[in-house]
Structure formats: C-alpha cells, structure tokens
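Participant: based on what follows, work out the 3D shape:
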Amino acid sequence: MDLHQELLRASTRRHLFAQTGFGLGAIALQQLLSENSYGSATTTVAAADPMAVRPPQFPAKAKRVIYLFMAGGPSQFELFSNKPKLRELDGQVPPPSLMQGKRFAFLKGTEKLLGSRRSFKKYGECGMEVSELLPHIGAVSDELCWIRSMATDVFNHGPAKLFMNTGFQVPGRPSLGAWATYGLGSAAKNLPGFVVLQSGPRGPRAGATLWSNGFLPSSYQGVPFRSQGDAILDLQNPSGVTADNQRALFDYVRALNEERLGATGDPEIQTRINAYEMAYQMQTSSPELMDLAKETPETLALYGATPGKASYANNCLLARRLIERGARFVQLYHTNWDHHGGGENLEGALEQVTAEVDRASAALVLDLKRRGLLEDTLVVWGGEFGRTPMGEVRGTIGRDHHVEGFTMWMAGGGTKAGTIYGETDELGFGATSDRVHVHDLNATMLHLLGFDHERLTYRFQGRDFRLTDVHGSVVHSILA
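Facilitator: This next block holds a predicted model:
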C-alpha cells in the first residue's frame, strides 16, 4: 500500500518546482517518488484528510492497539520464567558454551548464575507460571497469549526501545503507531489517532523518537497526553479570548493556509490545517476524556485508579476511554524497570514497579472484555529486552540487559487466548523452540491489523521503507 503516491497526486507542479528546482533532475526525482511497486495494493486517500478511515489490505482481526510498554526491561526470571535448574546452580560459573558469542551491556564475564528468589504459581487452564509479584496478571492468564522466546538485536536502552518501536536502532524511522495510523487512519474525530501516555519517575530513554512519524507525514506522529489536569498544555484559551475570537482567528489562519496549499500543494500545510482544527475540537473533547470521575466506583476500584492523579492505573483507564472514542493506537510507557542492583534492585524496587502495573494491566483486559472491545482490540505488554541469568552486583544484586529469551504477552485482537508459545533452555540463556524476533512480533501485529508487513511501505529517498525493514515473519501459531 503506497499511500505516499496518493498524497503526491495532490501536489501541484508549482510545489514540485519549489522543492526540487527545474530540469531533468527534478523530473527524475518526481519519477522516483511516483513509482508504485504494489499494484492493486494501493489505496486511495483524500489528501484533505490524511487521518480519514481507510480499509486494510485484507480483513483485520484487530481494529486498534493498546501497547503497554514497560521501559527498562522487565526481568523474566523474577516474573514469568521459573527456572529450577538456575536456582540449583545459583552462585556457580555459567557454562562456557552458553557464554560464547554473548554480548552484555555491563557484565565483565566473571559474574555468577543467579537463581530467582521469587515463588511461582501456575494459573488457569493454560498452566502459565507467574510469580508472586504479578498475581492479577496471573489471574487472567487464560485471556493472554504468552510469548516466552522473544529476541532482539540491541542491548542498550535507547537504541533497543527504538528497535522495538520502529524496527531500527537509530532515530528517524516511523514508529509502529505511526505506521498503523498511516495505513488505517483514525475514527477519532476530535482526538488524535495515535496517543502516548507516560507514567513512572521519568520519561523513557530515546524520548519522542519512540513515537515519531519519522519520514511519514507529520499527521501520523504520536501525541503525548498528560494523565492529570489539561491533557495538552496551552490548549485552553488564555484569559480574555472568547470562543468567537478564537474561531475567527482559526478561520483566518485556515484561509491563509489554504491559499498557500493551493499555490504549493505541500501536504505538510494540510497537516497544519488539520492540526489547528483538531486543537480547536480538543478544547471541548479533552476535558470530557480526562474526567475519570464519570467512571463507576466499581470500575475505578478494578483499575486502582484515582481521578486527578497521575498514575499508570489512570493511564490504563484513559487508554480504554481513548479507544472507545475512536483512537487507533494508544501507547503507555511506564519506566523504572532497569534493575541492575544498588538502588535499582530485584527486591524493593522491583516490588514497587510491579505493584504499580499489575492490577491495572489485568483490569484493562477484563474491562475491555466485558465491554465487548477485547475481540478487536490488540493489547500488548512488554519491554525492550529481558535480563541476564547471571547476577550483577552493585551493592545489592540485580541483572544486566539480555537480548534473548524474554517474555511478552498479548491479548485480544485475534490472538489465541490461553496460549504459551516458545521455550528457553533450563538456564534461560535463549530460546530452544519457536524463537520470536522483534521483526516477527511487528509483522504479526501488522497482520492482525490487516496488513502484509512487506506491502505496507512508504517511498523515501528512492527506496521503499517498511516497519520490518527486510526481515520478519508472521507468527501464525499464536493467531486465533
């Protein structure tokens, strides 16, 4: 699907000349930009509304996504991967055969194996073992599709987050949420199609590049919302500016922008026009969205949400409210999962962050199901990588970054509930069956949204880019 070609058709000859100059080089550039290698995969999009709802390439199981991103790398050994053999060999040197060719962020190669001190319990008919730290998530195990054999290529936080979200470890590529809205548009008429919610003591490493539109038109970038007070700062009118004054200003600015659009055909001017109108509409829609006090006491208790408070629980509830109002992609970032040791350890620090996310993550799945939304809403939970089987001592014991054999889970949206997919070796160094790479995960998510990941592309600098680069296979075994 080359939506870029359709946007280019809206550009005038004057825009081409203004941007590229005259001559054979300009003609050649236009030819490159206009090439369409997807034939019938092309979908027409009205340039006047880049967020107009568009059909997928084939019938989709998921219409929208809520991505719960645990920034920092949750330890699979303390949460989802019970390894009796690792506990048995606690304190011993790892087998050289397993260490060969491995790369770590901070380990020096002299560290010892570290067995988990956490107790585990089997949940549901699927029998998934979940630790004492996540009892609420454990209780909904039969609603989840577990992937225990995840793998990535990058072991430092910022690049690894970028790799998970954009398919590339360097800034500049579009994020998954941008690709989703580029392909499908959004049903939200007075809210952004791609919304980002953050919680935890700080923002995630790599920041706004994680939800960037990259080289896609800027209409598709993620819009960060605050979870208390005004969703977006400076959205409301300053004192003394009436609604009529503002409407008159917006109409005048729109007229100027439309005149310029007619002269140049620049699609970014259309983005600017749409942004002004969206901001105007959000002045009334965002206060209603943010008013969690309208939820029932039972629902607030289910999530552990408190109206007016900034929290992961509030963000989970806001995510449900956003997709009810037509948002296509909502991504929650919750930080403080980087447990190397010292103050960031596998005891108190891990207990705190799991307590912050456990109840609300499970509540979101339950709430979506009871409202009939889970069937076509894909929920994803996980971080940028896992943690090492060896301990890392920084006063207290933690674990270093590990790119093989970590765990993620999905729910709804066409995934197979109660499925446990993939396995790692008895010490948790890597997958022994059904390895799922980041590119495979992203290919599968796009498939659930109704796209062939090889055909959802955008032509930029003379080549066709896609989320999965030149890699990735759909994991059909986890599809319902």
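Participant: now the strands for the stretch 351-480 of the chain?
Facilitator: Ranges of strands within the stretch 351-480 of the chain are 377-382, 386-394, 396-402, 404-411, 419-421, 423-424, 431-433, 436-437, 458-460, 463-465, based on DSSP state E, counting those that start in this stretch.
Participant: phi and psi next, for the closest residue to Gly115 other than its chain neighbours.
Facilitator: Using CB to CB, 6 or more residues apart in numbering and skipping residues adjacent in sequence, the residue nearest Gly115 is Arg87, 3.2 Å away. (Glycine included, C-beta is placed from N, CA and C.) For Arg87, the backbone dihedrals are phi -70, psi -40 (criterion: degrees, to the nearest 10).
Participant: what is the neighbour count of Thr415?
Facilitator: For Thr415, the count of nearby residues is 26 (other CB atoms under 10 Å).
Participant: likewise for Glu344?
Facilitator: By other CB under 10 Å, 18 other residues sit near Glu344.
Participant: just Pro96 next, same as before
Facilitator: Residues contacting Pro96 under the criterion other CB under 10 Å number 7.
Participant: and it, what's its pLDDT?
Facilitator: Per-residue confidence (pLDDT) for Pro96: 89.
Participant: number the residues from 6 up from this point.
Facilitator: Taking 6 as the first residue, the last one we looked at is Pro101.
Participant: distance-wise, check it relative to Lys107.
Facilitator: 11 Å (CB to CB, to the nearest Å).
Participant: ok, now Phe411?
Facilitator: Taking CB to CB as the measure, Phe411 falls 14 Å from Lys107.
Participant: what about these two, which has more around it?
Facilitator: Between Phe411 and Lys107, counted using other CB under 10 Å, the more crowded position is Phe411 (30 against 17).
Participant: so what sits opposite that one in the bridge?
Facilitator: Counting by DSSP bridges, Phe411 is bridged to Met155.
Participant: if I look at it, what pLDDT would I see?
Facilitator: In this prediction Phe411 is given a pLDDT of 98.
Participant: again with Ala46
Facilitator: For Ala46, the model assigns a pLDDT of 36.
Participant: burial of Gln105, as a residue count?
Facilitator: Using other CB under 10 Å, Gln105 is surrounded by 7 other residues.
Participant: also Lys90?
Facilitator: Count around Lys90 with other CB under 10 Å applied: 13.
Participant: where's it relative to Gly391, distance?
Facilitator: In this view, Lys90 and Gly391 are 17 Å apart by CB to CB.
Participant: then Phe111?
Facilitator: Counting by CB to CB, the gap from Phe111 to Gly391 is 15 Å.
Participant: over to Thr437?
Facilitator: Counting by CB to CB, the gap from Thr437 to Gly391 is 15 Å.
Participant: pLDDT on stretch 419-436, on average?
Facilitator: Per-residue scores along stretch 419-436 average to 97.
Participant: can you give me the end-to-end span of that stretch?
Facilitator: In stretch 419-436, first residue to last residue: 24 Å (CA to CA, to the nearest Å).
Participant: go on, stretch 127-137?
Facilitator: Terminal-residue distance, stretch 127-137 (CA to CA): 11 Å.
Participant: ok, now stretch 78-92?
Facilitator: 21 Å.
Participant: any idea of the mean pLDDT in it?
Facilitator: The pLDDT scores in stretch 78-92 average 98.
Participant: show residues contacting it.
Facilitator: Residues from elsewhere that reach stretch 78-92 (CB atoms under 8 Å, 6 or more residues apart in numbering): 118-121, 123, 125, 133-136, 138-139, 151, 153, 162, 165, 342-344, 351, 355, 359, 387-392, 394, 404, 406-407, 410-412, 429, 431-433.
Participant: got the buried residues for it?
Facilitator: For stretch 78-92, the neighbour count (16 or more other CB atoms under 10 Å) marks 78-88, 91 as buried.
Participant: can you tell me which of the residues you listed end up in helices?
Facilitator: Among the buried residues of stretch 78-92, DSSP state H puts 81-84, 91 in helices.
Participant: the stretch 56-205 of the chain: helices as residue ranges?
Facilitator: With DSSP state H, counting those that start in this stretch, the ranges of helices along the stretch 56-205 of the chain come out as 81-84, 89-93, 101-104, 140-144, 162-171, 181-189.
Participant: next one: the first one to chain centre, how far?
Facilitator: The chain centre lies 22 Å from the centre of helix 81-84; the measure is CA atoms, centre = their mean, to the nearest Å.
Participant: again with the longest one
Facilitator: Here helix 162-171 shows a centroid-to-chain-centroid distance of 10 Å under the convention CA atoms, centre = their mean.
Participant: ok, the closest residue to Lys117 other than its chain neighbours - contacts?
Facilitator: Excluding its sequence neighbours, the residue lying closest to Lys117 (CB to CB, 6+ apart) is Gly96, at 5.1 Å. The contact partners of Gly96, taken as CB under 8 Å, 6+ apart, are 117-119.
Participant: switch the cut-off to 10 Å
Facilitator: Applying CB atoms under 10 Å, 6 or more residues apart in numbering to Gly96 gives the contacts 117-120, 396.
Participant: biggest separation within the residues you listed, which pair?
Facilitator: Checking those against each other with CB to CB, the farthest-apart pair comes out as Lys117 and Gly120, at 10.1 Å.
Participant: the more surrounded of those two?
Facilitator: Neighbours were counted for Lys117 and for Gly120 using other CB under 10 Å; Gly120 has more, 19 against 15.
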